[in-house]
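Enquirer: Next comes the sequence, and after it the predicted model I'd like to discuss.
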Amino acid sequence: MRRSVTIGAALAALVVSGTMALPATVAGAQPPTTLYVSPSANTHINNDHHNCATAGYATIQSAVNAAPDGSKIVVCSGTYHASLLIPATKTGLDIVGDTGSKLSPTRPAAAVTDVAPSSVGGVAPIVAIVRVAPGATGTTISGLEINGAGIESAVNGCDNDLAGLYWSATRGHNASGSASDLDVVNTTPTNSGCGAGMGIYVDAATGGTARVTLHQNTVSGYGKNGITCSNIGVSCTISANTITSSPTADVAQNGVQVGFGATGTVNENYVSGNDWTAYGTDANPEVQSDFASGVLLYAAGVNSAGAANTSIAVSGNTFVGNQIGVEVVDSEADVAANSITERANGALPDSIGVFGVGCDAYCGYFEDHPGGAALNTVASTTQAITVFHNTVNFSSTPAGSYGIWLGDNSWTGNASYYAPAGHEVPSVSQNTISNVATPETIAGGA
């Protein structure tokens, strides 16, 4: 389970020694425009009734490279067999895909270093289908299908990670923007069991900020996580997305993961099918920390001292057929008004509606921030978690199932897994729980 806009612009005149600095558009920069991209010369009328036969650009990358800041790029229907980079020098680009516009590379892009690895010892470089480079602010992307089917087998998940859309920030080079109405599919690399394969990934290095809105996208076929927002400086608004997977023995998946200092909201999404079927083969003494989750908060909202001090709202979501609906580890959270059910074709043994723990058996493998302390050494003892007005109904009362389970200090660490750490302060009220073996448990560590 381990391991992730509207554009405002102000013009100001500065008077220095009697000289006025003119706005860029007056001083000679190109004004924003609308560019059209079509993969062929065939006549095609796009959704806005423009003639794409005279588009002027055969690749999205060439249009991006030519576009002045603030421009709109219309991607006409067709398949584009290349990856895409939004350079740091671009501001305010609006990339809009027509119905039937598909980005499906046949060769992987060059791998880039993850700007902010949270694992002790670092993580693999990232191969991205669409990469928004640090410094490219105000980027909006909508309407495209981003499909990794042509490169999944060429990316080794133990050497490189694979992401459909990768947004990142570094010190002095921030990121902002939005993604909506995207269909992000097939981001499962070879050897995804190494913890690789992300649909959408947002992160920031120390000193950088990334503010991204992810709304009404469809994400499926991912190896590890559907949507990942990771590290201090990252804030994600994740709403109305449909994130679907299916049972796998390869890796414990998460529909949404917010962690390692990232903040934001997770509201009104549909998340289904995250189920690691091989969890019983692991020697982990805290078995539930091996489960796949609909939403995983893992050290979400922690500060640079490792204290969980920003609460993450997880509300109004629908979770179907996930081993854990909402999992909260070393984080503060408000979990409210979610619907958590099992699959129509069979219940999952040992499944949990809402699970929260101070710090789990993996915390020692991750840092509170890049180059910082291991989570298990700094985990907070005042992690407030509110679980309110949720509905948990597993239909067939699966063996070993829990409706709400908060706090667990029952396991003992060993050479491979870490002992309990941290402490939750729970508030649980007005939940409706039915057809589970144990409706509610508040245990040690809470």
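Expert: Arrived safely, thanks for sending.

Enquirer: Going along the chain, name the strands of the stretch 201-350 of the chain.
Expert: Listed in chain order, the strands of the stretch 201-350 of the chain (DSSP state E, counting those that start in this stretch) span 210-215, 218-222, 225-230, 234-239, 242-244, 254-259, 263-267, 270-272, 293-298, 311-315, 318-320, 324-329, 332-336, 339-341.

Enquirer: okay, the angle between the third one and strand 234-239?
Expert: In this case it means strand 225-230. 140 degrees (axes from the mean of the first three to the mean of the last three CA atoms, to 10 degrees).

Enquirer: Go ahead and produce CSV holding the CA coordinates of strand 225-230.
Expert: Taking Å, rounded to 0.1, in the frame of the first residue of the first chain, the C-alpha atoms of strand 225-230 are listed here in CSV:
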residue,chain,number,x,y,z
ASN,A,225,-1.9,4.3,-7.5
GLY,A,226,-4.6,6.0,-9.5
ILE,A,227,-3.9,9.5,-8.2
THR,A,228,-0.9,10.4,-6.0
CYS,A,229,-0.1,13.7,-4.3
SER,A,230,3.1,13.7,-2.3
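
Enquirer: next helix or strand past the top helix by length along the chain?
Expert: As assigned by DSSP state H, the longest helix anywhere in the chain is helix 60-66. Counting by DSSP states H and E, the next helix or strand C-terminal to helix 60-66 is strand 72-75.

Enquirer: so what secondary structure elements neighbour the helix or strand just after that next one?
Expert: Using DSSP H and E, the helix or strand that follows strand 72-75 in sequence is strand 78-80. Where contact means 3 or more CB pairs under 8 Å, 6 or more residues apart in numbering; DSSP states H and E, strand 78-80 is packed against strand 101-103. Backbone N, C-alpha and C define where each C-beta goes, glycine included.

Enquirer: Show me what the strand it packs on is packed against.
Expert: When contacts are defined as 3+ CB pairs under 8 Å, 6+ apart, strand 101-103 packs onto strand 78-80, strand 145-147.

Enquirer: In a markdown table, list the ones you listed along with mean neighbour count.
Expert: Output for these, formatted as a markdown table (neighbours: other CB atoms under 10 Å):
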| stretch | mean neighbour count |
| --- | --- |
| strand 78-80 | 18 |
| strand 145-147 | 23 |
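
Enquirer: Can I get those strands in CSV including distance to Tyr166 and mean pLDDT?
Expert: Below are the helices and strands packed on strand 101-103 laid out as CSV (distance: least, CB to CB, whole Å; pLDDT from 0 to 100):
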stretch, distance to Tyr166, mean pLDDT
strand 78-80, 17, 96
strand 145-147, 11, 98
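
Enquirer: possible to save these as a markdown table with distance to Asp368?
Expert: Shown next, in a markdown table, are the helices and strands packed on strand 101-103 (distance: least, CB to CB, whole Å):
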| stretch | distance to Asp368 |
| --- | --- |
| strand 78-80 | 40 |
| strand 145-147 | 32 |
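
Enquirer: in stretch 181-201, what counts as buried?
Expert: 182-201 (16 or more other CB atoms under 10 Å).

Enquirer: go on, stretch 147-156?
Expert: Of all the residues in stretch 147-156, those buried under the rule 16+ other CB under 10 Å are 147-148, 150-152, 154-156.

Enquirer: Ok, stretch 166-180 next?
Expert: Here stretch 166-180 shows 166-170, 173-180 as buried, counting by 16+ other CB under 10 Å.

Enquirer: from these, which two are the most distant?
Expert: Maximum pairwise distance in those, criterion CB to CB, is 25.0 Å, between Thr170 and Ser180.
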